[in-house]
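Student: sequence and predicted structure, then a few things I'm wondering about:
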Amino acid sequence: MQNKNRTLLLFLLSLLPLLPGRAQSQQPPNVILIITDDQGYGDLGITGNPHVRTPVIDQLARESTRFNRFYVSPVCAPTRSSLMTGRFSLRTGVRDTYNGGATMAASEVTIAELLKQANYTTGIFGKWHLGDNSPSRPNDQGFDESLIHLSGGMGQVGDVTTFFKGDSSYFDPVLWHNGKPQAYKGYCSDIFAANAMDFIEKNQEKPFFCYLAFNAPHTPLQVPDSYYQRYKDIDPAAGFENDKRPFVTMSERDKEDARKVYAMVENIDDNLGKLFRKLDELKLTENTIVIFMTDNGPQQIRYVAGMRGRKGSVYQGGVRVPFYVKYPARFAGNKDIEVPAAHIDVLPTLAQICKVPLPNNRNIDGKSLLPLIQGQSVDWSNRPLFFYWSRRYPELYNNMAYQKGPYKLVGHTDYNAEIAKFELFDLEKDPYEQKNIVHEKAAVARELKTELDKLFRELIRSENLVNPPLIHLGTKHENPVILNRNDADGQIGIWAQQEIYGLWKVKVQEGKYTLRFKFIEPVPGLGQMVVETKPFINQLKTSAAPTDLIEMKNVYLSAMEGELIPYYTVGAKKIFPFWVEVEKTN
């Protein structure tokens, strides 16, 4: 009888790997990385906002490991490059959100490329903002499936398929599916979430990485009316009378913007509810890592949990965001971690959990968060974090910060300023950055400045910053190529202006090309279309009729790496095209 029981026990044990929960735990974890755009720390119910309704995200937070001091860059593209690579953005070639500074070098190794080494299927749905042309598109950087808008936002000048839709750019858009334009019906956030769910269902039998990067609630603030109606009568400034934390004054414009943002956030919350129900339905919840975060602080003035600053600022309100990690198969939920962490930590964390080696031929600035999540004793007290943002290139000591331990040094001053011109905050005693203690702690400030100087000098010597990424023209990977204004360099602040100096930095394959130049408004006739490339110029005299599209056929371009400079000249005017399509014909 004893032997029979033992045999039965061994038989039952042999069946354990076949049970659903056990089978999931034996598989590499799926990864869903969710990031929203310009949603600040205070745009959630769980962070104290009495107005916005986010029950799904709030519940996710309660079931997750919550990193309560999590940091990103002050603006979009730098955050996304650091998130994808585990490196400070300047190392990747990303230095701005446009002005030709939002293209990540193709030599960078992304989370998608890393996980593909472990046979993951990878997909991105939403906002990329790290280069719209080969070799920097998502499909060039490790993503098997890609459904994105172009540039930094739908309706912006770089997104050539939605810009001219104006106030309806978020509805029924033409998006880019695997590098090709394709028309979709519906609201953008619904489209991205639905396609992410289709990707998950299609790839449920093997490990997948799904990067769901909502472009909402970024401007333009467009949302289905059914969601707006839920907020149209609220006062976003009310309900904080007994809150002792700092609170900024909101104008009527700020309040109306907040109503639209909250409506957009609730729509995201509803979509995430659908996504999580899909995971339950497919029995994938247990073995799926879900990460939720945002990319920077709010663009508009509204509740931000008392923190100073907003998007673009290196103060807390610009760089501190929610960050929640849920992985039921391995992590107990409902846990708070107060150790400072950052976007650069996501790649090394996923690499360790998914058992994929990190690249060993470059600096990885981030650290794996797994020891913290598992409750191990680790000392990160001396770990520095660096923040900056200014247009075009980083400006020494202007909107720049260096954080280490409890202290944070902030510069809004000149390149040669004395230490007294800086700000120093003790974040443990003064989390809202209200008291500058640079005079009381001058020695601490000088030490932090010395370290900041050393790191800054290292970063500005980065190969991808010194020799920025080039857009490839005439290759089999992308032909034709549309050069858009988000990626245009030249005069600072290129946007929708007509008379402005602009260019694109390109690598050209020798051959004959057709060039098409699109203008925002029709240009006068009897002018001259000029294209400067090293080492010569092509020009075409135009007819008398005004036009917004000029075509130059059979243009010879020699092999080169350098600047493509197009402009239409008429009289004393030089008009920069809105976009240029470059098609190699032989």
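Tutor: Yep, it's here. Numbering: from 1, shown residues only.

Student: and D140, what does it touch?
Tutor: By C-beta atoms under 8 Å, 6 or more residues apart in numbering, the residues touching D140 are A106, S134, H477. Every residue, glycine included, has its C-beta placed from N, CA and C.

Student: so which of these wins on neighbours?
Tutor: S134 (20 neighbours; other C-beta atoms under 10 Å).

Student: quick revisit: out of the contacts of D140, flag the one nearest to V319.
Tutor: In terms of C-beta to C-beta, no member of the contacts of D140 lies closer to V319 than A106, at 27.4 Å.

Student: which among the contacts of D140 gets closest to D345?
Tutor: Among the contacts of D140, A106 lies closest to D345 (C-beta to C-beta), at 23.4 Å.

Student: ok, for that closest one, nearest residue in space, not its chain neighbours?
Tutor: P135 (3.9 Å; C-beta to C-beta, 6 or more residues apart in numbering).

Student: each with direction, which strands does the one helix or strand G123 maps to pair with?
Tutor: Using DSSP states H and E, G123 maps to strand 121-127. Here strand 121-127 is paired, per DSSP bridges, with strand 145-149 (parallel), strand 208-213 (parallel).

Student: tell me which of those lies nearest to G40.
Tutor: Closest among the strands paired with strand 121-127, once you apply C-beta to C-beta, is strand 208-213, at 16.7 Å.

Student: run through the stretch 401-550 of the chain and note the low-pLDDT ranges.
Tutor: Residue ranges of the stretch 401-550 of the chain with pLDDT under 70: none are present.

Student: count the neighbours of the closest residue in space to A305 that isn't next to it in sequence for me.
Tutor: Nearest non-adjacent residue to A305, counting by C-beta to C-beta, 6+ apart: G42, 4.5 Å away. G42 has 20 neighbours, counted by other C-beta under 10 Å.

Student: export the strands paired with strand 121-127 to TSV and tack on distance to P236, mean neighbour count and mean pLDDT?
Tutor: Converted to TSV, these look like this (distance: least, C-beta to C-beta, whole Å; neighbours: other C-beta atoms under 10 Å; pLDDT from 0 to 100):
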stretch	distance to P236	mean neighbour count	mean pLDDT
strand 145-149	27	24	98
strand 208-213	26	26	99
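
Student: now tabulate those strands in JSON lines and tack on distance to V356.
Tutor: Below are the strands paired with strand 121-127 laid out as JSON lines (distance: least, C-beta to C-beta, whole Å):
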{"stretch": "strand 145-149", "distance to V356": "20"}
{"stretch": "strand 208-213", "distance to V356": "11"}
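
Student: out of those strands, which gets nearest to F422?
Tutor: It is, among the strands paired with strand 121-127 and with distance given as C-beta to C-beta, strand 208-213, at 34.8 Å.

Student: so the residue nearest to A305 makes contact with Q300?
Tutor: No: the pair G42 / Q300 is not scored as a contact, 11.6 Å apart, by C-beta atoms under 8 Å.

Student: show me how the protein divides into domains.
Tutor: The record's domain parsing of the chain by automatic domain parsing lists 33-373, 384-463, 471-584.

Student: doesn't the residue nearest to A106 fall inside a helix?
Tutor: No: membership of P135 in a helix is not supported by DSSP: H, G, I helix; E, B strand; the rest coil, which gives coil.

Student: that one contacts K476, doesn't it?
Tutor: No: in this structure, P135 is not within contact of K476 by C-beta under 8 Å, at 11.8 Å.

Student: surely I35 forms part of a helix?
Tutor: No: applying three-state DSSP, one finds I35 to be strand, outside a helix.

Student: what are the bridge partners for it, then?
Tutor: A213, M293.

Student: so which of the strands paired with strand 121-127 comes closest to V570?
Tutor: Nearest of the strands paired with strand 121-127 to V570, taken as C-beta to C-beta: strand 145-149 at 33.1 Å.

Student: quick one: residues in contact with the closest one.
Tutor: 121-128, 137-139, 159, 161-162, 173, 175-179, 188, 191-192, 195, 199, 215.

Student: so where's the chain shaky on pLDDT?
Tutor: 1-26.

Student: the helices in it, which residues?
Tutor: Per DSSP state H, the chain carries helices over the ranges 2-15, 20-26, 55-62, 76-85, 89-92, 111-116, 188-202, 225-228, 252-281, 316-319, 346-353, 370-373, 442-460, 463-466.

Student: same list, the ones you listed, but as JSON lines with distance to P394 and mean neighbour count please.
Tutor: As requested, the helices of the chain are exported to JSON lines (distance: least, C-beta to C-beta, whole Å; neighbours: other C-beta atoms under 10 Å):
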{"stretch": "helix 2-15", "distance to P394": "59", "mean neighbour count": "9"}
{"stretch": "helix 20-26", "distance to P394": "45", "mean neighbour count": "13"}
{"stretch": "helix 55-62", "distance to P394": "33", "mean neighbour count": "19"}
{"stretch": "helix 76-85", "distance to P394": "10", "mean neighbour count": "29"}
{"stretch": "helix 89-92", "distance to P394": "7", "mean neighbour count": "27"}
{"stretch": "helix 111-116", "distance to P394": "25", "mean neighbour count": "22"}
{"stretch": "helix 188-202", "distance to P394": "31", "mean neighbour count": "21"}
{"stretch": "helix 225-228", "distance to P394": "38", "mean neighbour count": "14"}
{"stretch": "helix 252-281", "distance to P394": "29", "mean neighbour count": "20"}
{"stretch": "helix 316-319", "distance to P394": "15", "mean neighbour count": "27"}
{"stretch": "helix 346-353", "distance to P394": "22", "mean neighbour count": "22"}
{"stretch": "helix 370-373", "distance to P394": "30", "mean neighbour count": "18"}
{"stretch": "helix 442-460", "distance to P394": "7", "mean neighbour count": "16"}
{"stretch": "helix 463-466", "distance to P394": "9", "mean neighbour count": "16"}
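
Student: any chance of a markdown table for those helices, columns distance to W495?
Tutor: Formatted as a markdown table, these follow (distance: least, C-beta to C-beta, whole Å):
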| stretch | distance to W495 |
| --- | --- |
| helix 2-15 | 64 |
| helix 20-26 | 49 |
| helix 55-62 | 33 |
| helix 76-85 | 16 |
| helix 89-92 | 22 |
| helix 111-116 | 30 |
| helix 188-202 | 21 |
| helix 225-228 | 27 |
| helix 252-281 | 20 |
| helix 316-319 | 22 |
| helix 346-353 | 31 |
| helix 370-373 | 42 |
| helix 442-460 | 26 |
| helix 463-466 | 23 |
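
Student: for those, which one sits closest to F331?
Tutor: Smallest distance to F331 across the helices of the chain (C-beta to C-beta): 5.8 Å, for helix 370-373.

Student: same for that closest one, what does it pack against?
Tutor: Of the remaining helices and strands, those touching helix 370-373 by 3 or more C-beta pairs under 8 Å, 6 or more residues apart in numbering; DSSP states H and E are strand 335-337, helix 346-353.

Student: what would those look like in JSON lines with distance to G86?
Tutor: Formatted as JSON lines, these follow (distance: least, C-beta to C-beta, whole Å):
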{"stretch": "strand 335-337", "distance to G86": "19"}
{"stretch": "helix 346-353", "distance to G86": "3"}
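
Student: now I471, nearest residue through space, not along the chain?
Tutor: In this structure, I471 finds its nearest non-sequential neighbour in N133, 4.4 Å apart by C-beta to C-beta, 6+ apart.

Student: just so I know, which of the strands paired with strand 121-127 lies nearest Q434?
Tutor: strand 208-213 (33.7 Å).

Student: re earlier: figure out which of the strands paired with strand 121-127 is closest to V580.
Tutor: Comparison of those against V580 by C-beta to C-beta identifies strand 145-149 as nearest, at 19.4 Å.

Student: center of this structure, which residue is that?
Tutor: Taking C-alpha atoms, centre = their mean, the centroid of the chain lies closest to R80, which sits 3.3 Å from it.

Student: hmm, back to that, out of the helices of the chain, which is closest to F209?
Tutor: Ranking the helices of the chain by distance to F209, with C-beta to C-beta as the measure, places helix 111-116 first at 4.8 Å.

Student: tell me what the closest one is packed against?
Tutor: Using 3+ C-beta pairs under 8 Å, 6+ apart, helix 111-116 sits against strand 30-36, helix 76-85, strand 121-127, strand 208-213, helix 346-353.
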